[in-house]
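# missing the sequence, but the structure's below:
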């Protein structure tokens with residue numbers, strides 16, 4: 001099996017695992033949730049440490065086995081909410097490769113290579129609807145030394161058509177203004193590798 005096939009299988013496996021986690025989370029009565037403006041968010045990240053220079057105000061540290069990263073405590077939107085947060089970072093023992101395939105509504109999601117601020121990522125998006133909302137799981141694979149690094153996170157989008165016309169327009173504007181590629185690139189730019 002060549003390395004690009006391995007990377008594809010790893011990205012697809014991560015997409016399936018996150019989809020299963022989202023399904024479990026949306027159907028679990030044991031989930032700890034915090035109410036915030038009618039939307040649900042996970043509890044805040046570790047805010048004990050002082051933020052290093054260059055990290056945006058309101059971003060806090062999260063530690064992963066691959067390294068530490070910084071992310072915003074939450075997305076400042078009434079109509080876009082973090083669900084699988086803070087982002088997760090992993091390293092795979094395979095060289096970076098990207099095979100574009102599928103659509104985000106497919107079971108394994110849609111994968112395409114994107115360039116953000118001059119950096120290239122293999123982005124996989126898995127979308128799943130549940131209880132009046134659309135959940136999107138994002139996975140960004142990118143090269144790190146001789147391995148592939150993968151950043152993953154999930155976001156909840158309530159269905160704007162469930163609101164009255166004026167609020168629905170505000171909802172649509174906020175959701176269309178959300179740029180997951182820019183968010184991922186900014187988070188990746190904060191990584192301190194182990």
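Looks like it arrived, so ask away. Predicted model, so just to flag it, every value in this text is computed and none were measured.
# was I right about residue 180 contacting residue 137?
No. In this structure, residue 180 is not within contact of residue 137 by CB atoms under 8 Å, at 10.4 Å. C-betas here are computed from N, CA, C, even on glycine.
# Just the local confidence number for the closest residue in space to residue 109 that isn't next to it in sequence, please.
Nearest residue to residue 109, sequence neighbours excluded (CB to CB, 6 or more residues apart in numbering): residue 126, at 3.5 Å. On the pLDDT scale, residue 126 is placed at 97.
# Can you list the strands that the helix or strand hosting residue 126 pairs with?
Using DSSP states H and E, residue 126 falls within strand 119-130. Sheet pairing of strand 119-130 (DSSP bridges) gives strand 110-116 (antiparallel), strand 133-144 (antiparallel).
# List the buried residues of the last one.
Just to be clear, that refers to strand 133-144. 133, 134, 135, 136, 137, 138, 139, 140, 141, 142, 144 (16 or more other CB atoms under 10 Å).
# Please apply the same query to the shortest one.
Residues of strand 110-116 classed as buried: 110, 111, 116 (neighbour count, 16+ other CB under 10 Å).
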